[in-house]
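S.K.: Task: produce atomic coordinates for the following.
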Amino acid sequence: MIGRLRGKVQFVANDQLLIDVRDVGYLVSIPNSTAAKIVDGASHELFIYTQVRDDAILLYGFATVREKQVFELLISVSGVGPKLALSALSTLAPDALCRGILQGDLNSLTQVPGIGKRTGQRLILELKDKVAKQSWFVETAETAMDFQDEAKAALDALISLGYSPHEARDALAQLDIDNTSEIEDIIRKALGILGKVG
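M.R.: Residues are numbered from 1 along each chain as shown. Sure, this is the predicted structure:
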């Protein structure tokens, strides 16, 4: 199984890229969250989920381990395949997805194309306990709930500056926010992350 690839990237579509590793080109499907972090023509590392089928070997790539972990959680649910899991990560940041599951927020989950009320309820039912046990998510979830007003104000500010809701949420999810954080400082740090991505 392929678990990681590092090489020069060439986009072939919005949701697919070719990564050249020692003169071998691997075709990899990716979510928007990963595409936003990748520069066409540059060298990058991708964390890979390999799906082996009777008729094909398919690769799904992620810029961060967390994206891959959430992808694997999603496809563990009956009726949720890789295509729908990629759609979910293209619509909501990994932490936003986990928060929606943990809080039973159907409205958030049904923003994802392909996830209706029934599938959303299944995600909540089957993944709520699994998400709660993920050590990498617990601190982020608690922080987001404790400082929801500050995060919302920062999110609105970033969107007003021209960033997409997904880009803004993803940047905020990477910040270590505590009770001394000012909204201006949160926005400044988020812009720093977005500047590196761009």
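
S.K.: Other residues contacting stretch 95-109?
M.R.: Stretch 95-109 is contacted by residues 66, 70, 74, 88-89, 92, 115, 117, 120-121, 123-124, 127-128, 131-132, 134, 137, 140-141, 144, 169, 173 when judged by Cβ atoms under 8 Å, 6 or more residues apart in numbering. C-beta here means a position set from N, CA and C on the backbone, and glycine is covered the same way.

S.K.: What separates the first and last residues of it, distance-wise?
M.R.: Taking Cα to Cα, to the nearest Å, stretch 95-109 runs 12 Å from one end to the other.

S.K.: mind listing the helices for this protein?
M.R.: For the chain, helices defined by DSSP state H occupy the ranges 32-35, 65-75, 82-91, 94-102, 106-109, 117-132, 135-146, 148-160, 165-173, 183-197.

S.K.: out of the ones you listed, which comes closest to Tyr49?
M.R.: Comparing those by their distance to Tyr49 (Cβ to Cβ), the top pick is helix 65-75, with 6.0 Å.

S.K.: so how far is that closest one from its chain's centroid?
M.R.: The chain centre lies 8 Å from the centre of helix 65-75; the measure is Cα atoms, centre = their mean, to the nearest Å.

S.K.: begin at 18 from here
M.R.: That works, and once the first residue is 18, the last one we named lands at helix 82-92.

S.K.: Point out the other elements, helices or strands, that it touches.
M.R.: strand 60-69, strand 74-79, helix 99-108, helix 111-119, helix 134-149 (3 or more Cβ pairs under 8 Å, 6 or more residues apart in numbering; DSSP states H and E).

S.K.: Give me whichever of the ones you listed is most buried.
M.R.: The highest mean neighbour count among the helices and strands packed on helix 82-92, using mean count of other Cβ atoms under 10 Å, belongs to helix 111-119: a mean of 24.

S.K.: returning to what we had before: make TSV from the helices and strands packed on helix 82-92 and add distance to Lys169 and mean pLDDT to it.
M.R.: Converted to TSV, these look like this (distance: least, Cβ to Cβ, whole Å; pLDDT from 0 to 100):
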stretch	distance to Lys169	mean pLDDT
strand 60-69	30	94
strand 74-79	27	95
helix 99-108	18	95
helix 111-119	12	87
helix 134-149	21	91
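
S.K.: got JSON lines for these, with distance to Val26 too?
M.R.: Converted to JSON lines, the helices and strands packed on helix 82-92 look like this (distance: least, Cβ to Cβ, whole Å):
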{"stretch": "strand 60-69", "distance to Val26": "5"}
{"stretch": "strand 74-79", "distance to Val26": "9"}
{"stretch": "helix 99-108", "distance to Val26": "17"}
{"stretch": "helix 111-119", "distance to Val26": "21"}
{"stretch": "helix 134-149", "distance to Val26": "30"}
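
S.K.: Select, out of those, the one closest to Met18.
M.R.: Closest to Met18 of those is strand 60-69 (Cβ to Cβ; 4.7 Å).
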